[in-house]
Every structure is written in C-alpha cells, then in structure tokens.
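**Q** any chance you could fold what I've pasted below:
(one chain, ligands or ions: 1)
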Amino acid sequence: MWTTSGRRREQRRKLGLLLLVIVGCLVVRRYLPLKLDGCGSLGAPRFNWSNMVPIQRWNRHLGLQAKDSEFLLEGSRFRIFGGSIHYFRVPREYWKDRLLKLKACGLNTLTTYIPWNLHEPERGKFNFSGNLDVEAFVQMAADIGLWVILRPGPYICSEWDLGGLPSWLLQDSSMELRTTYVGFIKAVDLYFNQLIPRVVPLQYTQGGPIIAVQVENEYGSYDKDPNYMPYIKMALLKRGIVELLMTSDNKDGLSGGYVEGVLATINLKNVDSIIFNYLQSFQDNKPTMVTEFWTGWFDTWGGPHHIVDADDVMVSVSSIIQMGASLNLYMFHGGTNFGFMNGAQHFTDYQADVTSYDYDAILTEAGDYTPKFFKLREYFSTLIDNPLPQLPALKPKASYHAVRPSHYISLWDALEHMDKPIESEKPVNMENLSVNQGNGQSYGYILYETSIYEGGTLFSKDHIRDRAQVFVNKIYIGYIDYLVEGLTIPRGQGHRKLSILVENCGRVNYGLMLNKQRKGLIGDIYLNDSPLRNFKIYSLEMKADFFQRLSSTWSPVPEEATGPAFFRGTLHVGFIVLDTFLKLEGWVKGVVFINGQNLGRFWSIGPQETLYLPGPWLHPGENEIIVFEEQKSGMIIQSMDTPYLGRSHYVD
Ligand code: GLA
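**A** As a prediction, this is how the structure comes out:
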C-alpha cells in the first residue's frame, strides 16, 4: 500500500527523472557531435544528422560499432543510409556533382568498390591518379558531409571485367583466383601494400570519413577455400585497417561468406522479414545492414533493358528502414563501363554486359535525376529533422551536328603500321602474349593469321573466347562464338591467308567460371582434323598510342566501306561543352574513341542504343572521333541530347 506523501514523493521523483532526461537530451544535442536516432518522436523513426558529418572534429575513439542490434558511431545510435557510386565509372569532373546529389537525396554514406585491374594494369605498375585517385574521391565525400564504406576487394564483382581482378593473374595456368593459392595471395599482398596505406589515414579514427571496410565481396557465392576470407581479413588488419569490418552476401551465400569477428550483411532486391531473421540467425544481436539493395539491374547485349519500378523501390526502402535496418542503395549512380571494362555472365550461356551501367539507378548514367530520386528525397525529408540540401542544378545536354566520317583505314592496312606480330607455332591466348612488358594483353581484340591450303571445317576443340570473325584472303566467311562452334571454309586454289579476329567481349565477373577467363584462341584450332600451325598474332588493344601510329595513314572513306575498319570524323563543338549521346544508326558492332579515349562498345542487337559521351572529354572546336566497325559502316554518327535504351523489361 502507498501513502499520499509516498505517492507525491514518487511523482516528484518521476518529474525529476523526466527533467533529467530532457536536460540530458538537450546537453547531448548541444555538445555531442552525434545526434541520436530516436531522441525524437515515437512511431516513424526520425533522424538528425546535422552534426554527424565527417568534417566535425571531435575526439574520435570509438568509430562505427555493431553493438547489440544497432550501429553506434562514437557511442551514439546511428543508421547507415548509403548509396554506391564508383569513381572509376564517372569522369572525375563529375564526382562532386554526383556526390552532392547523393547528399541531397538524404543519404549520409557513400560506398565504393576499388578495382584492382585499373589500379595495377601491369604487375607492379600502379596508378592512383586522375580518375583513379581514390583518396581524392573519399576526401571529396568527406568534404561534402558523407561517411564512406570502402569495398577494396580484391575481388569486387560489379559487372566489371573479371570482377576487378587483373587479367595478368591468368598467365599462370594453375591460377586459383580468390583462394590462398600462393600466386594469388602474393599478388594481393603486393597490391594491398600499395593500396591500404593510402586509405588508412582516411579512416574515422584518424579524422577521416571511412567508417567501415568490406572484406572481399560475396565470397559465399564462391566459397572455394575456407582459409581465404580469414586471410583477406588479416591482410586488412595487418596494414592498419581499424574500422568496422563487414562482409556482404546474398541469402544463399551468407553461410559461406561469414567470417568470425566480421559483421555479416545482406544483398537483396526483395525485402522480407524471413531474410532478416535468417541473417540474424548467424549473428544474434547485431545490427541489420542491407549492403546492396538493388535499385535496378544491369543489361547484357542482346537482352532487354532492365527496369525496377520506382514505387517498388520505395516500398522496399521504407520497409528496410521501418524494420530498423541500415541500407545502401546499389547503385545510387551507376555511370559507365568505359573502354573494354564491362564484365560478363556465364551460367547457362555467356552474355557480355553492355557499356552503359545506367542500372536504372537513382541517377541516370549521365547523372540526371529520376523519379526514384525525387520519391526517395521526399521520403527521407519526412524522416530527417534538418532540411535536405538544395538540389544541384540540372546539367544540360547537347545534340551536336551529326558526324560524317571523312577518313578510313581498313584493319588490314592498319596492321602495317603496328609492331611486328608475334610469331608462334601454336596459338597463344591474350593473357600469355608477350606484350606489355610481359604482362600479356588484357582487353580488346586479337588477330591470328596463318596460311591454309584447303577448304573444310574450321573448329576449336578447346575454346574461342569470345567471338571470332573469320576471313580468307580478307573476305569475311562467318563467325564462331559460344553457340556457333565451327565454320565451313570454302575450297580454294593454293595458299590462302586465314585471319581470325577474336574479340574479348568481357570476362565473367561472377560465379565459378572465373579461372576460365583466358581470351583469344585457347588451345588449338583445327581445319578438318589437323591443328593449324605457324601463326602471326597481332595484339589489338587499341590504346591511345595505337591511334597515334595511324595518324598519317588515313584515306578518304570509299563508297563501299566495309569492316573491319577504322572511320575517322570530326565532332564540332561550340564554346560551351556539354554531355551528349552518340547514336550509331546503321553501324553494326564496334567501339568508339573520342579524342583518343575509348568510350566503349556498341552493338546493333541492343538493348543499349546510344553511347554516353561526357562533356569533359570534349573541347571547344574540333574533336576527333574514331569508330572501329567490325562489319558495316552506317556512314553518319548522330549526337543526341537524350539517351535511348531500347525495349524495357521489368525485373521481377
Ligand atoms: C552482387 C555484387 C555486386 C553486383 C550485383 C549485381 O550483389 O556484389 O557487385 O554484381 O550483384 O549488380
């Protein structure tokens, strides 16, 4: 039983406590750099991140912690609202614009992969400058007020050639990628010796924005070596990574990808509590994080253009947040697989990814707002106490005058201006060709020539990777690929030249085929039952110096201009240089180069029908445009102010 005075005492005590909580909250709000999520209204979660930005310099001791079922940042509750942008898929001149848009959408964290194959194109030759200046990208994110989650691989998947691994690893015929095979981990160690010291000072506890680092990528879907993930974890720790470590896997890979002492997170498209419960069954009482919520999907040549409905994205994002989880939008902005860097898929059939990595993401390939952006921004503005930043201005696009190529050189004539071909009794695959200071050829095309004296069936018992056009005395006979395994070579008189032009269409980036990604002619090629011998092999990687050699060799475009050939024209640009989209109507298959830079591949089978040409790659006045066309010229190249992405298909 309680007396009246006892009740009063109790009421006073409760009032006192309430006052203490209110004063406590005010003190926390005033003095701590981090505002708590949930010190606000009941019901819908509310967040205030105005002080929780990397440029605030408070004493940093604790970093991001996975404590109980929540993240804590410097001891205060925190939710990751992240978005992926890959610096290597966006011209550096646009990094800031895209990051400001990520912030303006209401997100607080940037995630990015780091592609090993771009940073170490040849063994021991590193590049961390220009568009590959990952430190500048991370620092820029910090300056804009974003935290960063780094995904340094070494394998990154990401629809990127060989999942980001350098092709020279495949010179070793016993190579076992993504395992503790000594040839692999030695190379990883040497790369990490260069990469990790660059990012160590950018970690949270050293005053930088990096709050977490991912160990490898979706290892559970590969899962070939139980010692590998612990090795990569140690490789990061040994070199000074101290922030929270994470793994990320899809549902089926969770058990294989899990590493002791590392926070497991999930990748998904469709959210449901069963998946979340499953994740929690691995690590009771840990925060739930969706590291990849797929906002769209990638496309492959010959397939449909994938679309994910904006309202479906909103339903998933809001349920993830309502369930108390953190998330990262993969992709917030996809960008472009410039050059020959696209990956490929090979489950039942081989399918190469297209040049655009638009991904139907929150921003378009060219960085423009989409309905998904506005819906997300509106939604986040109802959750976040402070007004969201102003929207960065739209970037106008141009449709320049169409270009009619004036000059031409056939591939056969171009060969005369190249290095001497490599002579070899048997075919040699790209990676093992003795070019690039012993690092082999990584990307592009490779041409094998030999003499034949009879007709018959041309076929490869091993493999032709990925698509070979076959010519006899420069006359096109047909092609061989994964589905067409052989060709009939017509009979002819005496000695004839057989030319096999093989395109590496992109190495597989996911699944168990990674070790089988050598390109060109793999093993022998037979005419009837005899293996062909005595090849001349031309490496056609089409780097900038290749076109410099061609500079004095062009002639006017003939009336009947067929491929394989290079077509050169001029794109005239006024004082204001803007982005544009190139449309190659009537052309069939090839690659476009602008002022020496490889924009990427085109192919009339779609779904991609325009190539994104970023304004910073142009200059006022005359811009050189070169098209390598395998088959038939379309005579003009149109420039448009909107992209066209072909027929659409909703991802289900
Ligand atoms: C996985 C990978 C990503 C990417 C997506 C599909 O989740 O982790 O790198 O390949 O699939 O876009």
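**Q** ok, now which ones touch the spatially most central residue of the chain?
**A** Centroid check for the chain by Cα atoms, centre = their mean gives Ser158 as the closest residue, at 4.6 Å. Taking Cβ atoms under 8 Å, 6 or more residues apart in numbering as the criterion, Ser158 is in contact with 86, 113, 115, 164, 217, 343, 509. Bear in mind the C-beta positions are built from the backbone N, C-alpha and C, glycine included.
**Q** which among these are in contact with the ligand?
**A** Asn217 (Cβ under 6 Å from any ligand atom).
**Q** who in the stretch 101-250 of the chain is up against the ligand?
**A** So the stretch 101-250 of the chain meets the ligand at 157-159, 217-218 (Cβ under 6 Å from any ligand atom).
**Q** go again using 8 Å as the cut-off
**A** 113, 156-160, 163, 217-218, 248, 250 (Cβ under 8 Å from any ligand atom).
**Q** and the two most separated of the residues you listed?
**A** Largest separation among those by Cβ to Cβ: Trp160 and Asn250, giving 17.6 Å.
**Q** looking at the two, which has the bigger crowd around it?
**A** Trp160 (28 against 17; other Cβ atoms under 10 Å).
**Q** spatially nearest residue to the more buried one (excluding sequence neighbours)?
**A** Gly343 (5.1 Å; Cβ to Cβ, 6 or more residues apart in numbering).
**Q** how near is that neighbour to Ile156?
**A** 10 Å (Cβ to Cβ, to the nearest Å).
**Q** overlap of the contact sets of these two?
**A** Listed as contacting both Gly343 and Ile156 by Cβ under 8 Å, 6+ apart are Gly163.
**Q** okay, and the residue lying closest to Tyr113 once chain neighbours are set aside sits in which element?
**A** Nearest non-adjacent residue to Tyr113, counting by Cβ to Cβ, 6+ apart: Ile156, 4.1 Å away. Ile156 belongs to no helix or strand when assigned by DSSP states H and E.
**Q** just give me the neighbour total for Ile156.
**A** 26.
**Q** contact partners for it?
**A** So Ile156 contacts 113-116, 163-164, 217 (Cβ under 8 Å, 6+ apart).
**Q** residues of the chain that sit close to the ligand?
**A** Contacts of the chain with the ligand, taken as Cβ under 8 Å from any ligand atom, map to 113, 156-160, 163, 217-218, 248, 250, 267, 292, 294, 297-298, 330-331, 343, 359, 509-510.
**Q** against which helices or strands is whatever helix or strand Phe380 lives in packed?
**A** Phe380 belongs to helix 371-383 when assigned by DSSP H and E. Applying 3 or more Cβ pairs under 8 Å, 6 or more residues apart in numbering; DSSP states H and E, one finds that helix 371-383 makes contact with helix 310-322.
**Q** toward the C-terminus, what is the element adjacent to the helix it packs on?
**A** Next along the chain from helix 310-322, counting by DSSP H and E, comes strand 326-333.
**Q** chain center to whichever helix or strand comes after that next one: distance?
**A** Moving toward the C-terminus from strand 326-333, the next helix or strand (DSSP H and E) is strand 344-346. Computed by Cα atoms, centre = their mean, to the nearest Å, the chain-centroid distance of strand 344-346 equals 14 Å.
**Q** now the one helix or strand Tyr408 maps to - C-alpha only, PDB.
**A** For Tyr408, the host element (DSSP H and E) is strand 407-410. Output in PDB follows, covering the C-alpha atoms of strand 407-410 (Å, rounded to 0.1, in the frame of the first residue of the first chain):
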ATOM      1  CA  HIS A 407      38.600   9.200 -93.400                       C
ATOM      2  CA  TYR A 408      39.100   5.500 -93.300                       C
ATOM      3  CA  ILE A 409      41.700   2.700 -92.900                       C
ATOM      4  CA  SER A 410      40.900  -0.900 -93.100                       C
END
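**Q** wait, Phe575 sits on Leu618?
**A** No: between Phe575 and Leu618 there is no contact under Cβ atoms under 8 Å: 11.6 Å.
**Q** higher neighbour count, those two?
**A** Taking neighbours as other Cβ under 10 Å, Phe575 and Leu618 compare with Leu618 leading, 20 against 6.
**Q** what residues are up against the more buried one?
**A** 571, 573, 577, 580, 594-595.
**Q** that one and Gly590, how far apart?
**A** 20 Å.
**Q** ditto for Met635
**A** Counting by Cβ to Cβ, the gap from Met635 to Gly590 is 14 Å.
**Q** more crowded one of these two?
**A** Gly590 (24 against 14).
**Q** before we move on, which element is the more buried one in?
**A** Using DSSP H and E, Gly590 falls in strand 589-594.
**Q** would you mind listing the buried residues in the helix or strand just after that strand?
**A** Sequence order places strand 597-603 as the next helix or strand after strand 589-594, per DSSP H and E. Of all the residues in strand 597-603, those buried under the rule 16 or more other Cβ atoms under 10 Å are 598-603.
**Q** was I right to think Cys105 contacts Ser381?
**A** No: counting by Cβ under 8 Å, no contact exists between Cys105 and Ser381, whose distance comes to 9.7 Å.
**Q** on that earlier part again, now the contacts of Ser158 as CSV including neighbour count, pLDDT and distance to Arg404?
**A** As requested, these are exported to CSV (neighbours: other Cβ atoms under 10 Å; pLDDT from 0 to 100; distance: Cβ to Cβ, whole Å):
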residue, neighbour count, pLDDT, distance to Arg404
His86, 23, 99, 35
Tyr113, 24, 99, 40
Pro115, 27, 99, 36
Gly164, 26, 99, 39
Asn217, 27, 98, 45
Gly343, 25, 98, 34
Asn509, 26, 98, 37
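**Q** out of the contacts of Ser158, which sit inside helices?
**A** Using DSSP state H, no member of these sits in helices.
**Q** just curious, which of the contacts of Ser158 is nearest to the ligand?
**A** When these are ranked by distance to the ligand (Cβ to the nearest ligand atom), Asn217 comes first, at 5.2 Å.
**Q** contact partners for that closest one?
**A** Taking Cβ under 8 Å, 6+ apart, one finds 113, 151, 153, 155-158, 163, 248 in contact with Asn217.
**Q** that older thread, next helix or strand past the strand holding Tyr408?
**A** Downstream of strand 407-410, the next assigned helix or strand under DSSP H and E is helix 411-414.
**Q** which helices and strands sit right next to that following helix?
**A** strand 565-573.
**Q** the ligand versus the closest residue to Leu540 other than its chain neighbours, what's the distance?
**A** Nearest non-adjacent residue to Leu540, counting by Cβ to Cβ, 6+ apart: Tyr445, 4.0 Å away. According to Cβ to the nearest ligand atom, to the nearest Å, Tyr445 and the ligand sit 26 Å apart.
**Q** same deal with Gly590?
**A** From Gly590 to the ligand the distance is 26 Å (Cβ to the nearest ligand atom).
**Q** next: Leu376.
**A** Distance from Leu376 to the ligand, by Cβ to the nearest ligand atom: 19 Å.
**Q** does that residue really touch Lys101, like I thought?
**A** No: with contact defined as Cβ under 8 Å, Leu376 does not reach Lys101; the gap is 11.0 Å.
**Q** any idea how far stretch 361-368 is from the chain center?
**A** That offset, for stretch 361-368, works out to 14 Å (Cα atoms, centre = their mean).
**Q** can you tell me the average pLDDT over it?
**A** Rounded to a whole number, the mean pLDDT of stretch 361-368 is 98.
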